[in-house]
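Visitor: below are the sequence and a predicted model for it; my questions follow.
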Amino acid sequence: MLSFEDYVAEDALGLAKLIRDGEVSALEVVEAALARADAVEPEINALVARRDDEVRAQAAAPLGDGPFAGVPFVFKDLFCWQAGWPAEAGSRLWKGFVAPLDFTHTARVKASGAIPIARTTTSEYGISISTETAACGATRNPWNLDHSSGGSSGGTASAVAAGIVPMGHGSDGGGSIRIPAANCGLFGLKPTRGRNPFGPFAGEGWAGLATQHVLSRSVRDSAAMLDVTQGPEPGDPYACPPPTRPFLDEVGVDPGRLRVAYHLTGLGGAPLDPVNRAAVLDAVDLLRALGHEVEEAYPEVDTELLGPAMIAVIAANQKLALESRYKELGRVPEKDDVEEITRSFAERGESVTAADYAAALLAFHQLSRRFGRFFERHDVLVSTVLAQPPAPIGEIRTDTGDADSFLEMGWKRMPVTQYFNMTGCPAMSVPLCWSPDGLPIGIHVGAAFGREDLLFRLAGQLEETRPWFHRRPTL
């Protein structure tokens, strides 16, 4: 039987190789994942659906030849449907819904040979940067159970950090891959807009803000999975430049001498906690020691324009989402169907006009032009993912307040992530730093539209220079 220590000593590609070479069976690997889930799930609360017998049967059946054949995987429970599995979006309003088919992204992940063993917790409709819901309770950070694992992909982050799986699915509309990765000491890449498809029903999420990919312990797992899932499907509203070679081939390639810009406040001017500010400076010192050209510089950001734009897009989409669900259910809303913040965003959508929505998209496009010019002069932009260390459980609440105050609170904690969603540019959280209290502090690195290749090269260099794979929480 595969021990837990042997299981977590490998990343997903490493486990797949052991299975291909006949050193372990896929069933042994899956049993190790399920055993770990049994051991830690009562503490972290990261999983919302399991089908162990079905998973074991899949692991015992003949495997395909995908790069992750036989490796356990998890899907975030936010609309990336798996046929026959629950899909409840972190909400009581969706309780009992079973997905009738796979989403395109789901099918591509399955084609890699990965075996989905569970679905993971998310903030309701992916709105909050902490995964604490009325439907599922609080998901806890394996590094310190009194702290948040982040949101909205908090369940996946917690499951990967705790050693249940080496890699899992996340989605990101304002930071929801990078924030949980930062909180939980993982590598998390938000791909370029259009890199991964949103089919079969939609062409985009949140007016192009949202995308999906994975959170992982190693850089190469992220690159290899993006090779499997990337590329447009028929009917997509837009696409990004195709890679010139596999992303996995970029990991380990010398990035050359990069022009690195960094910022020590939020792009909107909000201050960073001293711990996070020190983490930026530490990362800057490391990059300078690696021979990169470093200077303090950043694109201008108009938060007074972009804050209302973000609210308009989220509110309008949330209004549509609730109306569609109630129409499907054939009933009127009830008080406890959704959390107060979800309801507030939907109600705020009542006052969003067509002109407001068009103005929001124009504001995003103007920011994209500004980022485009900035990345002609600089290769990457460096900060921290969050302005503070991971928040304590209960500090970020969705059961009270309104949309405007909630977004204002969130943006004080988010110095940079949302702007890369607005522009569609790729960005990553790299686990380079830890707080004096032992909590992870993710370093945020963004690049120009379509330049995941550059990010993977730099991430590989950072991973080699300051390894993090061996660092694991003690649960």
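Guide: Nice, I can see it. Please read all numbers here as calculations on a predicted model, not as lab measurements.
Visitor: following the one helix or strand in the chain whose mean pLDDT sits lowest, which helix or strand comes up?
Guide: For the chain, using mean pLDDT, DSSP states H and E, the weakest element among its helices and strands is helix 403-413, scoring a mean of 95. Per DSSP states H and E, the first helix or strand lying C-terminal to helix 403-413 is helix 417-423.
Visitor: just the CA atoms of that next one, as PDB, please.
Guide: Taking C-alpha atoms only, helix 417-423 is exported to PDB below (Å, rounded to 0.1, in the frame of the first residue of the first chain):
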ATOM      1  CA  THR A 417      -5.400  40.700  -8.800                       C
ATOM      2  CA  GLN A 418      -8.700  42.100 -10.100                       C
ATOM      3  CA  TYR A 419      -6.900  44.400 -12.700                       C
ATOM      4  CA  PHE A 420      -5.400  41.400 -14.400                       C
ATOM      5  CA  ASN A 421      -8.900  40.000 -14.800                       C
ATOM      6  CA  MET A 422     -10.100  43.300 -16.200                       C
ATOM      7  CA  THR A 423      -7.300  43.300 -18.800                       C
END
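Visitor: contacting residues around Gly188?
Guide: Residues counted as contacts of Gly188 (CB atoms under 8 Å, 6 or more residues apart in numbering) are 157, 170, 177-178, 180-182, 213-216, 222, 428-429, 442. In this view, the C-beta of every residue, glycine as well, is placed from N, C-alpha and C.
Visitor: 7 Å instead?
Guide: Gly188 sits next to 170, 177-178, 180-181, 215, 428-429 when contact means CB atoms under 7 Å, 6 or more residues apart in numbering.
Visitor: which ones among those are found in helices?
Guide: 178, 180-181 (DSSP state H).
Visitor: out of the residues you listed, which is most surrounded?
Guide: In terms of neighbour count, Pro180 stands highest of the ones in helices among the contacts of Gly188 at 38 neighbours, by other CB atoms under 10 Å.
Visitor: go ahead and confirm that one touches Ser149.
Guide: Yes - using CB atoms under 7 Å, Pro180 makes contact with Ser149 at a distance of 5.7 Å.
Visitor: in the longest helix seen in the chain, what's buried?
Guide: In the chain, assigned by DSSP H, the helix with the most residues is helix 303-329. Neighbour counts using 16 or more other CB atoms under 10 Å place 303, 306-319, 321-322, 325 of helix 303-329 among the buried residues.
Visitor: next SSE after it?
Guide: Scanning forward in sequence from helix 303-329 by DSSP H and E, the next helix or strand is helix 340-348.
Visitor: if we can go back for a sec, touching both of Pro180 and Ser149, which residues are there?
Guide: Residues touching both Pro180 and Ser149 by CB under 7 Å, 6+ apart: Ala157.
Visitor: tell me which strands and helices the longest helix of the chain is in contact with?
Guide: With contacts taken as 3 or more CB pairs under 7 Å, 6 or more residues apart in numbering; DSSP states H and E, helix 303-329 sits against helix 340-348, helix 354-377, helix 403-413.
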